[in-house]
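Asks: for reference, the sequence and a predicted model appear below.
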Amino acid sequence: MIIGKLIGFKDISMWKTIRINFKLCKWKVARKFPIIVSRNVLFNNLKGNAEFRSCITPGIVRIGFNSVQVFDKKLSRTVLNVSREGRMIFMGKCSIGSGSKLGVGGVLTFGDNFTMTAESVVICSKEVKFGENNMVSWNCQIMDTDFHDIISDNSGETLNSPSSIIFGDRVWIGSRATVLKGTILPDDTIVAACSLVTGKYSDSNTVLAGVPAKVIKRYVHRRI
């Protein structure tokens, strides 16, 4: 019966949908098929786990379906890499668009009603946490690590260890924006296109823009 409900989704891959659910989820959860994926999804690694902290329904998480009109959806593959240490936590509905890339080696949390439109990248080696009603536009890059260590010649310590990225509720990341490790964004933050976001921001209801991003407007919010 559940499979029948899922067949109605255009471009769904039943084999990949079965595989991701039974690889990442416990059996009692997997049999409900909370995750559905399109044909254009590539699994580089599925060794971690996925958790659901909401009512579980078929297709509550959709990977590789929605897109933007300027992208060629047929030639744009979504890539998912969940290492053995990786955990994906879903607080509710989640939609990850075509061509997006997720590298999960830490704890990646999606708040309820999360949307990533297309062709964006999230690299989580420690922790990336999205709040409720977050939206990530296309060609964005979100990374909590620099990948390559920088070592102090004096002390020998690592100067650029991975650092958590935390998003509040109703955050909107504009196209081609970059969010780097250690970033904290409060509720109702709008990040303008092509901005570079790094550091901790304290004021909500603001627009951030520039390289590095600074507050350019206050007392605003995104229409949900």
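Replies: Yep, it's here.

Asks: could you use CA atoms for every contact and neighbour count after this?
Replies: Noted.

Asks: part of a strand, is residue 28?
Replies: No. According to DSSP: H, G, I helix; E, B strand; the rest coil, residue 28 belongs to no strand; its state is helix.

Asks: what's the distance between it and residue 116?
Replies: Distance of residue 28 to residue 116, given as C-alpha to C-alpha, to the nearest Å: 27 Å.

Asks: one more: residue 191?
Replies: Relative to residue 116, residue 191 is positioned 14 Å away (C-alpha to C-alpha).

Asks: sorry, back to before: so for residue 28 and residue 116, which residue has more residues nearby?
Replies: Between residue 28 and residue 116, residue 116 has the larger neighbour count (other C-alpha atoms under 10 Å), namely 25 against 9.

Asks: and the contacts of stretch 123-135?
Replies: The contact list for stretch 123-135 (C-alpha atoms under 8 Å, 6 or more residues apart in numbering) reads 86, 102-117, 142-145, 162-173, 224.

Asks: now with 6 Å?
Replies: Applying C-alpha atoms under 6 Å, 6 or more residues apart in numbering, the external contacts of stretch 123-135 come out as 103-116, 143-144, 164-172.

Asks: in strands, which of those residues fall?
Replies: When DSSP state E is applied, the contacts of stretch 123-135 are split such that 103-104, 107-110, 114-116, 143, 165-167, 172 fall in strands.

Asks: of all those residues, which comes closest to residue 95?
Replies: residue 115 (4.9 Å; C-alpha to C-alpha).

Asks: pull the number of nearby residues for that closest one.
Replies: Residue 115, neighbours per other C-alpha under 10 Å, totals 22.

Asks: same deal with residue 13?
Replies: By other C-alpha under 10 Å, 18 other residues sit near residue 13.

Asks: re the thing from before, of the ones in strands among the contacts of stretch 123-135, just say which sits nearest to residue 216.
Replies: Nearest member of the ones in strands among the contacts of stretch 123-135 to residue 216, counting by C-alpha to C-alpha, is residue 172, at 15.1 Å.

Asks: contacting residues around the closest one?
Replies: By C-alpha under 6 Å, 6+ apart, residue 172 lies in contact with 134, 135, 190.

Asks: now tabulate the residues you listed in CSV and tack on secondary structure and distance to residue 213.
Replies: As requested, these are arranged in CSV below (DSSP: H, G, I helix; E, B strand; the rest coil; distance: C-alpha to C-alpha, whole Å):
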residue, secondary structure, distance to residue 213
134, coil, 19
135, strand, 18
190, strand, 11
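
Asks: may I have the longest helix anywhere in the chain as PDB, with CA atoms only?
Replies: Ranked by residue count and defined by DSSP state H, the top helix of the chain is helix 14-24. What follows is helix 14-24, C-alpha atoms only, in PDB (Å, rounded to 0.1, in the frame of the first residue of the first chain):
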ATOM      1  CA  MET A  14      11.900   2.600  -6.300                       C
ATOM      2  CA  TRP A  15      15.100   0.600  -6.000                       C
ATOM      3  CA  LYS A  16      17.100   3.600  -4.700                       C
ATOM      4  CA  THR A  17      14.200   4.500  -2.400                       C
ATOM      5  CA  ILE A  18      14.200   1.000  -0.900                       C
ATOM      6  CA  ARG A  19      18.000   1.000  -0.500                       C
ATOM      7  CA  ILE A  20      18.400   4.400   1.200                       C
ATOM      8  CA  ASN A  21      15.600   3.700   3.700                       C
ATOM      9  CA  PHE A  22      16.900   0.200   4.700                       C
ATOM     10  CA  LYS A  23      20.500   1.400   4.800                       C
ATOM     11  CA  LEU A  24      20.100   4.500   6.900                       C
END
